[in-house]
Each structure stands twice: as structure tokens, then as C-alpha cells.
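[1] Build me a structure from this.
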Amino acid sequence: MLALFVGLFFVGTSVKAQDVKEANWSLRAGMNLAKYNGIPTGVKSSVEPGFYLGGGMQYLFTENIFLETGLDLSIKRSSLKLSGWLGDLADEYLDENAKAKINPIYFHIPIHVGYKFYFTDDMKLNLSAGPFMAFGLGGKAKEDGESYDIFGSDEGFKRFDFGLGLKVGLDINKINVHMGYDFGLINVHNTMNDIHTRNFYIGLAYNF
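    Okay, here's the model as predicted:
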């Protein structure tokens, strides 16, 4: 594995090494697979498919080193199997078979630094990492046919999320195929401690 990485490094740097200053723009969309870590005993979080849609900017400092950011409308669905109190997600104590689905909607802003490996001028591998910020716009939780607002209550979810993300992508001409994983670092619930978001995503982008 180490030998493969070293080989990719030398291939990438030998093909393209000169300094550039260039910004590239893209439109992207894909699927989220989100869940929550740190939930209380008796509450199980399961993945539900969501989606994201947005635009991105990649600024090349050199042919290999880049800064990537953007703005996505992101729905991070998850289901919770409940056996206790969960604030505004339920108005009573629930039995062990009760289940709620939550659908928070965020503005999601990643800020990644990455390295680009060139196989050819039309095929590049991008590896990047960095922080993200997310701002809750709205969304509902549903349980037993009832709907509850996720944000905006002292017993609901907090609107702000922050964490770190990893991403790998492959550019083929103007098409980018990518996947990544975001680790939430702050508690996102007002009454429960240490509730952190986890999200795996996969998607496509078109580079201008």
C-alpha cells in the first residue's frame, strides 16, 4: 500500500509540476448516508438515504496542490429506534419498537486542501481533507404519523454543526466521480450530550 502511494506521488508530480493560479467551478449532486454517534443507550441510529446538490470551487496553487470549497443544500436523513425521551422528536416515553425518522436540511460548506495526481491530462486523482461547517435550515422528524420541527426548540437539534471531512475524487475529462466521509466534532442536540453527525456521501460533478 505504501509503495502504491509513493508510486502515485512520483507519477503525479513528474507529469505536472509548474506553478499555476487558477480557479475551476463545478456543479455537483449525490447521495448522503448519514447517522448519529453518541446517542443514549436504548436509542439506535440507522442510515437513511438523503441527497445533496450544490456548487464548488477548486483553486489550484500549483498543478498538484489545491484548495476546494463550495456550498451544498444537504439533507442528512436518519432513523432512530427509540426507547426513551427525545425532546421534540417525541412527546412521550416510547416503547422499544417505536421508530422516528429525521430529515434535517443544511447549508453545508466544506473547506478542503488537497493533492492532485495526474495519470494523464484528462484523468486525475484528487485526495483532500479539511473542516466543514453546516447550518440547519429546517426539517421534520416523523414518528407515529406525527411531525415535529427539528430545529428551533430548546429540546431539539442545534442549527450549527462543525467537523472534519475526507474526500477522494477522480476527474475524467469534465466529469468528477467522488466520495467522502464527514465526522461531526460538536454536539448537535440541545438536551442530549455528545450527539455527533456521521455522513458518507458519493456523487458526481461537472467541471467547467
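[2] Assign the nearest residue to Asn64 once chain neighbours are set aside to helix, strand or coil.
    Nearest residue to Asn64, sequence neighbours excluded (C-beta to C-beta, 6 or more residues apart in numbering): Lys116, at 5.1 Å. (Glycine included, C-beta is placed from N, CA and C.) Secondary structure, DSSP: H, G, I helix; E, B strand; the rest coil: Lys116 is strand.
[3] the strands in this structure, which residues?
    Using DSSP state E, the strands found in the chain span residues 19-37, 44-62, 65-75, 78-82, 98-120, 123-143, 146-149, 160-172, 175-184, 196-207.
[4] Which parts of the second one count as buried, going by neighbours?
    In this case it means strand 44-62. Within strand 44-62, the residues that qualify as buried are Ser45, Glu48, Gly50, Phe51, Tyr52, Gly54, Gly56, Gln58, Leu60, Thr62, counting by 16 or more other C-beta atoms under 10 Å.
[5] strands paired with that strand, and their directions?
    According to DSSP bridges, strand 44-62 has the following sheet partners: strand 19-37 (antiparallel), strand 65-75 (antiparallel), strand 78-82 (antiparallel).
[6] what about dumping the CA coordinates of that strand to PDB?
    What follows is strand 44-62 as a C-alpha-only set of coordinates in PDB (Å, rounded to 0.1, in the frame of the first residue of the first chain):
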ATOM      1  CA  LYS A  44     -30.300   3.200  17.800                       C
ATOM      2  CA  SER A  45     -29.400   5.400  14.800                       C
ATOM      3  CA  SER A  46     -29.600   3.800  11.300                       C
ATOM      4  CA  VAL A  47     -28.700   5.100   7.900                       C
ATOM      5  CA  GLU A  48     -31.400   6.500   5.600                       C
ATOM      6  CA  PRO A  49     -30.600   7.800   2.100                       C
ATOM      7  CA  GLY A  50     -30.500  11.600   1.600                       C
ATOM      8  CA  PHE A  51     -29.100  13.800  -1.000                       C
ATOM      9  CA  TYR A  52     -27.000  16.900  -1.700                       C
ATOM     10  CA  LEU A  53     -27.000  19.400  -4.500                       C
ATOM     11  CA  GLY A  54     -24.700  22.400  -4.900                       C
ATOM     12  CA  GLY A  55     -21.700  24.100  -6.500                       C
ATOM     13  CA  GLY A  56     -18.000  24.000  -5.800                       C
ATOM     14  CA  MET A  57     -14.800  25.900  -6.500                       C
ATOM     15  CA  GLN A  58     -11.300  24.400  -6.700                       C
ATOM     16  CA  TYR A  59      -8.400  26.800  -6.700                       C
ATOM     17  CA  LEU A  60      -5.100  25.400  -8.000                       C
ATOM     18  CA  PHE A  61      -2.000  26.900  -6.300                       C
ATOM     19  CA  THR A  62       0.200  24.500  -8.400                       C
END
